[in-house]
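*Asks:* Fold the stuff below for me.
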Amino acid sequence: MKKQIASLIWLIAIIGFVIGCYGIYQRFAFGHRLTDYGSYIPWGLWVATYIYFIGLSAGSFLLSTLVYVVKIEKLEKIGKLSLFTAFGCLIAALISIWLDLGHEFRVYRVILHPNFKSMMSWMGILYSSYFLVILFELWFAMRVDLIKTASIGTGLIAAVCRFLALGSSDTSDKSRARDSRVLKVLGSIGVPLAIAFHGGVGMLFAVVGARTYWHSGLTPIVFLVGALASGGALLTAIVYVWGPDRNRPQFEDMMRFLGKIVLSLVLLDLLFEISEYFVGMYAGIPDEAIPIKAVLFGHYWYVFWVVHVLFGVIVPVWIFTRNAVSRPVGKTSPGAIAFAALLVAVTFMALRLNIVIPAQINPEIEGLQYAFMGPGLNYTYLPTVSEWLVTIWITSFGLLLFLIGYNVLPIVNKDDKEVA
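*Replies:* So this is what the prediction gives:
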């Protein structure tokens, strides 16, 4: 069954990549002319996709620290899997925001000519640091397995592993212990870095004083909790399909543990969401209340109530409670836990859209929408086919990157522990 699921995901990724190529062609051939955002609503689907994938990456990475820093034995064999998931989601996120830029080939200037008073510059620095930490941590986590695969394997996979081993050949217990110490240090560095970089994404929104809907000290915290919930949910679903020891009792115990983590984070994120909406509605400040009313009762109310609340909260919480909490060990369905986690991970995109779009629909100056007329000068937004095609391509690219990496690299150990 799991092999069939993996084959289906391969098929979906390939089809999505091929179809999405037309959107990529349109993006580079016509720039932003085929998009629906403009001067009044400058952030659209691609920005929502960006913070969605960034959250998945940060959440997956932070869960890897439970292996390499906290050394929780229940998760001892999914450390590399969580790191590689974080890496793939980070690549997808960076592509999303890169394609959203007006002059995408000038992105290097963020690093070479930083403005330390700008959150954008700090995001560039944090992204670069986070990217390097993931690469180094992945290498040290896979080093011994790369050497083993290169020595016993043949063909392309052995050649790739030999190249990535970078000349290292020591697989002694002493070298493994050293790798474990390095991983603990890198993981410890990565924890505040991941918190800073994804909290920084929330800060990027929070410092926009003209948008009361975003302008809150809690916004970075909300982004971080959402990242943990969505990233943990994605990793739980991935572990079910591609994780180790799927036919052993330890696998059920691990899935129950991950299910409890995701359940707690989903409920915590819901608590923050309810608090924000109740306070915003009660205060009645137009720039905050209007976007909230649009989310709850506007034209796209079903994105919140059906996609997010029903399929992203109520159904997964019910499944998690029955399988990860209520039922005793031995009677749990890991597949049900994985399905609930997948629902959380996929529907979290609705939450990201409800953060980005509604805040921009209210004119900063009363009557501004009637003062000027022209392309891009309106306060309505609906992603175009071209925008969706690009998003499909980005998602499919991230999926293919993960699938290829999983099949080429020693991402999952069947016998060896990852905790020293």
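
*Asks:* Verify the contact between residue 388 and residue 22 for me.
*Replies:* No. Assessed by CB atoms under 8 Å, residue 388 is found out of contact with residue 22, at 11.1 Å. Using the backbone N, CA and C atoms, a C-beta is placed for each residue, glycine as well.

*Asks:* Enumerate the positions of stretch 276-292 that are buried.
*Replies:* 276-277, 280, 287-292 (16 or more other CB atoms under 10 Å).

*Asks:* Format these as JSON lines; extra columns: pLDDT, distance to residue 207 and secondary structure.
*Replies:* Below are the buried residues of stretch 276-292 laid out as JSON lines (pLDDT from 0 to 100; distance: CB to CB, whole Å; DSSP: H, G, I helix; E, B strand; the rest coil):
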{"residue": "276", "pLDDT": "91", "distance to residue 207": "17", "secondary structure": "helix"}
{"residue": "277", "pLDDT": "93", "distance to residue 207": "21", "secondary structure": "helix"}
{"residue": "280", "pLDDT": "89", "distance to residue 207": "18", "secondary structure": "helix"}
{"residue": "287", "pLDDT": "85", "distance to residue 207": "15", "secondary structure": "helix"}
{"residue": "288", "pLDDT": "88", "distance to residue 207": "16", "secondary structure": "helix"}
{"residue": "289", "pLDDT": "91", "distance to residue 207": "21", "secondary structure": "helix"}
{"residue": "290", "pLDDT": "91", "distance to residue 207": "21", "secondary structure": "helix"}
{"residue": "291", "pLDDT": "92", "distance to residue 207": "17", "secondary structure": "helix"}
{"residue": "292", "pLDDT": "93", "distance to residue 207": "20", "secondary structure": "helix"}
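
*Asks:* Export these to CSV and append columns for distance to residue 86.
*Replies:* Converted to CSV, the buried residues of stretch 276-292 look like this (distance: CB to CB, whole Å):
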residue, distance to residue 86
276, 27
277, 30
280, 32
287, 35
288, 33
289, 37
290, 36
291, 31
292, 32
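
*Asks:* Can you tell me which of those residues is closest to residue 358?
*Replies:* Ranked by distance to residue 358 (CB to CB), the buried residues of stretch 276-292 are led by residue 291 at 3.7 Å.

*Asks:* got a list of what that closest one touches?
*Replies:* Residues near residue 291 by CB atoms under 8 Å, 6 or more residues apart in numbering: 213, 358-359, 361-362.

*Asks:* Find the residue closest to it in space, skipping its chain neighbours.
*Replies:* The shortest distance from residue 291 to any non-neighbouring residue, by CB to CB, 6 or more residues apart in numbering, is to residue 358 (3.7 Å).

*Asks:* State the distance from the one you found to residue 57.
*Replies:* Note on residue 358: its distance to residue 57, by CB to CB, to the nearest Å, is 24 Å.

*Asks:* Between the two, point out the one with more neighbours.
*Replies:* Legend: neighbour count by other CB atoms under 10 Å for residue 358 and residue 57, higher for residue 57 (31 against 22).

*Asks:* Would you check that that one makes contact with residue 84?
*Replies:* No. Using CB under 8 Å, residue 57 is not in contact with residue 84; the gap is 10.8 Å.

*Asks:* quick one, phi psi at the residue nearest to residue 291?
*Replies:* Dihedral pair for residue 358: phi -60, psi -30, per degrees, to the nearest 10.

*Asks:* give the contact list for it.
*Replies:* 213, 291-292, 294-295, 298.

*Asks:* Format those as CSV; extra columns: distance to residue 163.
*Replies:* Listed next are the contacts of residue 358 as CSV, based on distance: CB to CB, whole Å:
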residue, distance to residue 163
213, 49
291, 50
292, 53
294, 52
295, 49
298, 53
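
*Asks:* Tell me the one of these nearest residue 74?
*Replies:* Of all the contacts of residue 358, residue 295 has the smallest distance to residue 74: 37.4 Å, by CB to CB.

*Asks:* who are the neighbours in contact with that closest one?
*Replies:* By CB under 8 Å, 6+ apart, the residues touching residue 295 are 277, 301, 303-304, 354, 358.

*Asks:* please redo it, this time with the cut-off set to 6 Å
*Replies:* Contact analysis of residue 295 by CB atoms under 6 Å, 6 or more residues apart in numbering lists 304, 354, 358.

*Asks:* What is the nearest of the contacts of residue 358 to residue 325?
*Replies:* The closest of the contacts of residue 358 to residue 325 turns out to be residue 295 (CB to CB; 29.9 Å).

*Asks:* Leaving out sequence neighbours, find the closest residue to residue 303.
*Replies:* Residue nearest to residue 303 in three dimensions, not counting chain neighbours: residue 350, with 4.9 Å by CB to CB, 6+ apart.

*Asks:* Could you report the neighbour count for the residue nearest to residue 37 when sequence neighbours are not counted?
*Replies:* Closest residue to residue 37 apart from its sequence neighbours, by CB to CB, 6+ apart: residue 44 at 3.9 Å. Using other CB under 10 Å, residue 44 has 23 neighbouring residues.

*Asks:* Surely residue 44 and residue 38 touch.
*Replies:* No. Counting by CB atoms under 6 Å, residue 44 sits too far from residue 38 to count as a contact (9.3 Å).

*Asks:* Tell me the buried residues in the lowest-mean-pLDDT helix or strand in the chain?
*Replies:* Within the chain, no helix or strand scores below helix 368-371, which has a mean of 79 by mean pLDDT, DSSP states H and E. For helix 368-371, a neighbour-count test (16+ other CB under 10 Å) marks residue 369 as buried.

*Asks:* next one: that helix to chain centre, how far?
*Replies:* 37 Å (CA atoms, centre = their mean, to the nearest Å).

*Asks:* Packing partners of the helix or strand just after that helix?
*Replies:* For helix 368-371, the following helix or strand on the C-terminal side (DSSP states H and E) is helix 385-408. In terms of contacts (3 or more CB pairs under 6 Å, 6 or more residues apart in numbering; DSSP states H and E), helix 385-408 is packed against helix 2-30, helix 45-68, helix 79-100.
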